[in-house]
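Visitor: predicted structure and sequence below. I'll ask about it afterward.
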Amino acid sequence: MSAPLFEVRAARKTYGQLVALDDASFRVARGQMLAVLGPSGAGKSTLFRCLAGLAPLDGGAALLHGGDVAHLRGRQRRKIAVVFQQFNLVNRLSALDNVLAGRLGHVPAWRGWLRRFGAEDIRLALECLDRVGLLAHADQRADALSGGQQQRVAIARALAQQPDLIIADEPVASLDPHTGAGVMALLSSICHDGEGGIAVICSLHQPELARRYADRVVGLRQGRIVLDVAAADCADATLEQLYGAAPLAPAA
Ligand SMILES: Nc1ncnc2c1ncn2[C@@H]1O[C@H](COP(=O)(O)OP(=O)(O)OP(=O)(O)O)[C@@H](O)[C@H]1O
């Protein structure tokens with residue numbers, strides 16, 4: 001059997017005595033959107049920081065195409081793109097320049113430092129802006145865009161990396177419900193519209209968005225995966241258990 005696009009295998013992360021991630025395992029297939037749900041303190045951000053390479057796991061591994069992401073360097077590392085809750089754009093730069101930042105690592109370092117991107121990189125960045133519906137705003141400063149537009153620029157920057165996997169940590173937490181649903185629809189279409197089989201892993205505090213846009217739902221509670229189901233099978237009662245006091249058996 002071929003390796004899944006992405007796999008988290010027995011991931012463990014501790015902060016002193018606190019076990020924030022405990023034997024967490026799940027898989028994500030090409031073209032699949034996986035939502036990670038769980039109450040505050042369940043370990044979602046910890047998981048995403050580790051998957052994004054911002055913190056090391058203390059045990060287990062995250063594997064991209066079967067290779068440990070902890071060992072990825074350069075271009076291979078850029079096969080995982082990250083979208084943050086707070087967008088993380090450079091305010092004084094234009095939307096286009098922010099998207100071009102996704103090409104850093106694809107061009108020689110000196111070109112990146114001087115912000116001298118080639119015509120091909122600029123064409124790709126414009127295509128990515130077009131993909132998120134913001135081509136007309138290419139020259140606009142990031143801080144002159146609305147929150148929803150800024151998150152779309154951040155997604156365009158992620159696409160400019162030409163990733164296999166996009167990790168989005170609470171990408172709609174700073175947006176109003178309507179704008180947030182638009183961003184989720186965009187992430188879902190990137191996953192599902194046959195654009196080279198990108199997978200998306202996205203943490204959310206809104207189960208209804210997970211059920212509407214994701215293919216699978218993984219539930220974390222106290223650092224353990226207690227739910228791993230098709231989004232269509234994620235019943236209200238199951239979600240109540242995930243967020244409530246009743247115990248859930250660890251997912252098989
Ligand atoms: N840097 C840290 N040092 C010590 N403990 C931490 C650190 N970061 C997180 N924790 C603890 O790890 C546990 C998991 O936190 P985490 O932020 O991953 O949860 P979360 O599911 O993302 O919560 P939220 O939904 O509120 O953002 C919590 O008990 C938290 O207090």
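Guide: Good, I have the coordinates.
Visitor: residue closest to the middle of the protein?
Guide: With distances taken as CA atoms, centre = their mean, the residue of the chain nearest its centroid is residue 167 (1.7 Å).
Visitor: pLDDT weak spots in the stretch 51-200 of the chain?
Guide: Across the stretch 51-200 of the chain, the ranges flagged by pLDDT under 70 are 105-116, 194-196.
Visitor: make it 80
Guide: 74-76, 104-117, 194-196 (pLDDT under 80).
Visitor: mind listing the helices for it?
Guide: Using DSSP state H, counting those that start in this stretch, the helices of the stretch 51-200 of the chain run over 74-77, 95-100, 109-113, 119-131, 147-160, 177-192.
Visitor: to residue 38, which of those helices lies closest?
Guide: helix 177-192 (17.6 Å; CB to CB). In short, each C-beta sits where N, CA and C put it, glycine included.
Visitor: could you check the closest one and say which residues are buried?
Guide: For helix 177-192, the neighbour count (16 or more other CB atoms under 10 Å) marks 179, 180, 181, 182, 183, 184, 186, 187, 188, 190, 191 as buried.
Visitor: how about residues contacting that helix?
Guide: If you take CB atoms under 8 Å, 6 or more residues apart in numbering as the criterion, helix 177-192 is touched by 31-33, 83, 131-133, 146-148, 151-152, 155, 159, 166, 168, 171-172, 175, 198-200, 202, 206, 209, 212-215.
Visitor: out of the residues you listed, which are buried?
Guide: Buried residues within the contacts of helix 177-192, defined by neighbour count using 16+ other CB under 10 Å: 31-33, 83, 131-132, 147-148, 151-152, 155, 159, 166, 168, 171-172, 175, 198-200, 202, 206, 209, 213-215.
Visitor: now, which of the contacts of helix 177-192 lie within strands?
Guide: 33, 83, 166, 168, 199, 200, 202 (DSSP state E).
Visitor: what's across from the third one in the sheet?
Guide: Under DSSP bridges, the beta-bridge partners of residue 166 are residue 81, residue 200.
Visitor: give the contact list for it.
Guide: If you count contacts by CB under 8 Å, 6+ apart, residue 166 has them with 80, 81, 82, 83, 155, 158, 187, 190, 198, 199, 200, 201.
Visitor: repeat that for the last one.
Guide: Contact analysis of residue 202 by CB under 8 Å, 6+ apart lists 33, 34, 35, 36, 167, 168, 169, 171, 184, 187, 214.
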